[in-house]
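J.: Quick one: sequence and predicted model below, then my questions.
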Amino acid sequence: MATKLTAFELCWDCATGNGQAAVALAEKFRRVIATDASHQQLEQATPHTRVEYRCERAEATSIADTSTDLITIAAALHWLDRPAFYREVRRVAKPGAVIAAWTYSVDVQISTAVDAVVAEFAQHVLRPFWAPELNHVLAGYRDLEFPFTELAFPAFSITTAWNLHHLLGNLNTWSGASRFAEANGYPATTVIAEQLTAAWRSGGPVDQLRPVRLPLYFRVGRIEK
């Protein structure tokens, strides 16, 4: 990301949540303004001398005009009033500033067999239970309108290690899985538990930790005035 920027004075981290990204960005920027519409989220945010937290909607902030070198938004762009947010982005951005939006999707890369079961779970078992906005997440933000000069950005993934219990726990945290459980009275993973266990066992014991890749999907753009 640093190669896309010409200055590192001010970054706006939008929908910052607990400030995890904002604190990381403060290692590069002289100032970070981190906004979120939720007081509860900001109460959990990590303090940092170069991060200023503000409880403000993404579509209407108190950030000064033409002041910002980078605007970042993680796993939240699909929830916003995007035309209003994009107007706010153009207002606060310096000429040539960069906007970077990214999201997790439902891709869990472990093995061909396991990945196929997880894809079936996300795309068919949970399909009626996803909020409409999450269709953009399922598409890895590829179908989301993004009215900026698109910049190439390399593929990026988070890597970790899980056993089968960890994987099932993660799948049950998905919002579609939560809605499935509320509607049906039992965990959504019950539908795929036998199939997923068999797929996992084809590569080792269920309690064995295995490498996991969780891809992130980016849209990065230059903001031309």
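T.: Great, that's in hand. Quick caveat: nothing in here was measured; it's all calculated off a predicted structure.

J.: Show the average pLDDT along the longest strand anywhere in the chain.
T.: Longest among the strand segments of the chain by residue count, using DSSP state E, is strand 210-223. Averaging pLDDT along strand 210-223 yields 96.

J.: And stretch 28-37, by the same measure?
T.: 97.

J.: how about it: buried residues?
T.: 29, 31-37 (16 or more other Cβ atoms under 10 Å). For glycine as for every other residue, the C-beta is placed from the backbone atoms N, C-alpha and C.

J.: Domain map for this structure?
T.: Under automatic domain parsing, the residue ranges defining each domain of the chain are 6-102, 105-216.

J.: who wins for proximity to residue 222 among these?
T.: domain 105-216 (4.1 Å; Cβ to Cβ).

J.: Between the two ends of the closest one, what distance do you get?
T.: Length of domain 105-216, first residue to last, Cα to Cα, to the nearest Å: 7 Å.

J.: Could you shift the numbering so residue one becomes 548, and keep it that way?
T.: I'll keep to 548 as the first residue from here, and by that count the last item is domain 652-763.

J.: re the thing from before, closest one of the buried residues of stretch 575-584 to residue 651?
T.: Among these, and counting by Cβ to Cβ, the member closest to residue 651 is residue 583, at 17.9 Å.

J.: Look up the closest residue to that closest one, ignoring the ones flanking it.
T.: residue 563 (5.0 Å; Cβ to Cβ, 6 or more residues apart in numbering).

J.: just to revisit the earlier point, out of the domains of the chain, nearest to residue 770?
T.: Closest among these, once you apply Cβ to Cβ, is domain 553-649, at 4.3 Å.

J.: Quickly name whichever of the buried residues of stretch 575-584 is closest to residue 717.
T.: Of the buried residues of stretch 575-584, the one sitting nearest to residue 717 (Cβ to Cβ) turns out to be residue 583, at 24.0 Å.

J.: list the helices and strands the helix or strand that residue 667 is a member of packs on?
T.: Using DSSP states H and E, residue 667 maps to helix 659-667. Other helices and strands packing on helix 659-667, by 3 or more Cβ pairs under 8 Å, 6 or more residues apart in numbering; DSSP states H and E, are helix 711-720, helix 740-748.

J.: Serialize those helices to JSON lines and add fields for mean pLDDT and mean neighbour count.
T.: Listed next are these as JSON lines, based on pLDDT from 0 to 100; neighbours: other Cβ atoms under 10 Å:
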{"stretch": "helix 711-720", "mean pLDDT": "96", "mean neighbour count": "16"}
{"stretch": "helix 740-748", "mean pLDDT": "97", "mean neighbour count": "16"}
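
J.: want to throw the ones you listed into JSON lines with distance to residue 612?
T.: Conversion of those to JSON lines gives the following (distance: least, Cβ to Cβ, whole Å):
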{"stretch": "helix 711-720", "distance to residue 612": "40"}
{"stretch": "helix 740-748", "distance to residue 612": "52"}
